[in-house]
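Colleague: coordinates only, sequence not included:
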């Protein structure tokens, strides 16, 4: 009886290891609770490591040696496979390349509403020489204050936004700041009235009406809480649909890691026709949420993605602002026009 129980536990553990390591293969990457667990791949790796150590210690005892050895082998596979995936996506770079005359820098930061001051946002954006700043959970009033503070620091920006309601709750607003050197922009009507947008918290699609700038999408998908799973899946599909043109920069809080985006890309894209800049530049495994966790144990759910007209040259997840008030880390990337 105990032998059969041991075999059953081993089989269940092997299935769980495979599902958590390669969730897209089993098509469970966007379903509860796997979606929530695989968001923290670094923590999953640590968990497999703990199981491996415990199993090796149990293997000392002869009565359970076979069972413990089987569990240890499966846990070792989990450790090695997850470590390989984490390393392949990048565990962090600490600087951006020198900015050129043609470079465009994009910063995205979920500010958690009033938790982050306009002055602090402005100082970081200016220090990073950002040309595009997307700010999920930031009202237009705060965004305008950021733009004014950046102007006072010698860095002009125009502020645009989309919002659901006017109750002052930051999560119902998404603000974009765009440098005048990219041209004039306007947020499309369907973003403003919500007729074509993410489901619960707004995204904003800003179209160039003059100049040479790209389409800019400030993304904010609903968090994948159990009651919002279908809305979250719909939001990711909507965001993928926004990346159909050749000249798109999409940045924001996707509430999804790379593990959740399988099947949503076309033409070798990560999401729609866009590719993830952090993964391409060595930061794909660095957690942007939550600041309460070490970066390599957190969830990389904030992204900048670009279509084929842009070549990523660098990225940076700012870890020095974990006490700023927001529970997200800013992500800054540098892009060059392709070709």
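Modeller: All right, it came through fine. Owing to the predicted nature of the structure, the values given are computational and were not obtained by experimental measurement.
Colleague: give me phi/psi at residue 136?
Modeller: The main-chain torsion angles of residue 136 are listed as degrees, to the nearest 10 and equal phi -60, psi 150.
Colleague: Dig out what it forms beta bridges with.
Modeller: residue 174 (DSSP bridges).
Colleague: quick one: contacts for it?
Modeller: By C-beta atoms under 8 Å, 6 or more residues apart in numbering, the residues touching residue 136 are 108, 110, 111, 171, 174, 201, 218, 219, 220, 252, 253. Every residue, glycine included, has its C-beta placed from N, CA and C.
Colleague: repeat that with 6 Å
Modeller: 110, 174, 220, 252, 253 (C-beta atoms under 6 Å, 6 or more residues apart in numbering).
Colleague: Looking at these, spot the one nearest residue 7.
Modeller: When the contacts of residue 136 are compared for distance to residue 7, the smallest value, 43.7 Å, is given by residue 253; criterion: C-beta to C-beta.
Colleague: can you give me how far the helix or strand of the chain with the lowest mean pLDDT is from the chain middle?
Modeller: Lowest by mean pLDDT, DSSP states H and E among the helices and strands of the chain is helix 189-193, with a mean of 88. Centroid separation between helix 189-193 and its chain, computed with C-alpha atoms, centre = their mean, to the nearest Å, is 24 Å.
Colleague: Residue 205 versus residue 247, what's the distance?
Modeller: Between residue 247 and residue 205 the distance is 13 Å, computed by C-beta to C-beta, to the nearest Å.
Colleague: Show me which of these two is the more surrounded one.
Modeller: More crowded of residue 247 and residue 205, by other C-beta atoms under 10 Å: residue 205, with 25 against 16.
Colleague: any idea which element the residue nearest to residue 83 when sequence neighbours are not counted lies in?
Modeller: Among residues not flanking residue 83 along the chain, residue 45 sits closest, at 6.0 Å (C-beta to C-beta, 6 or more residues apart in numbering). For residue 45, the host element (DSSP states H and E) is helix 41-58.
Colleague: got the contact list for that helix?
Modeller: Residues external to helix 41-58 that are found in contact with it (C-beta under 6 Å, 6+ apart): 20, 64, 68, 71-72, 75-76, 78-79, 82-83, 296-297.
Colleague: ok, and for it, which residues are buried?
Modeller: Residues of helix 41-58 classed as buried by neighbour count (16 or more other C-beta atoms under 10 Å): 41, 42, 43, 44, 45, 47, 48, 49, 51, 52, 55, 58.
Colleague: Including pLDDT, could those go into CSV?
Modeller: Shown next, in CSV, are the buried residues of helix 41-58 (pLDDT from 0 to 100):
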residue, pLDDT
41, 98
42, 97
43, 97
44, 98
45, 98
47, 98
48, 98
49, 98
51, 98
52, 98
55, 96
58, 93
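Colleague: who's in contact with residue 171?
Modeller: For residue 171, the residues meeting the contact criterion (C-beta under 6 Å, 6+ apart) are 137, 201.
Colleague: Could you pull up the mean pLDDT of the lengthiest helix in the chain?
Modeller: Identified as the longest helix of the chain according to DSSP state H is helix 65-89. Along helix 65-89, the predicted confidence averages to a pLDDT of 97.
Colleague: tilt between that helix and helix 41-58?
Modeller: Going by axes from the mean of the first three to the mean of the last three C-alpha atoms, to 10 degrees, helix 65-89 is angled at 160 degrees with respect to helix 41-58.
Colleague: In terms of secondary structure, what does helix 65-89 contact?
Modeller: Using 3 or more C-beta pairs under 6 Å, 6 or more residues apart in numbering; DSSP states H and E as the contact definition, the elements that helix 65-89 packs against are helix 2-21, helix 41-58.
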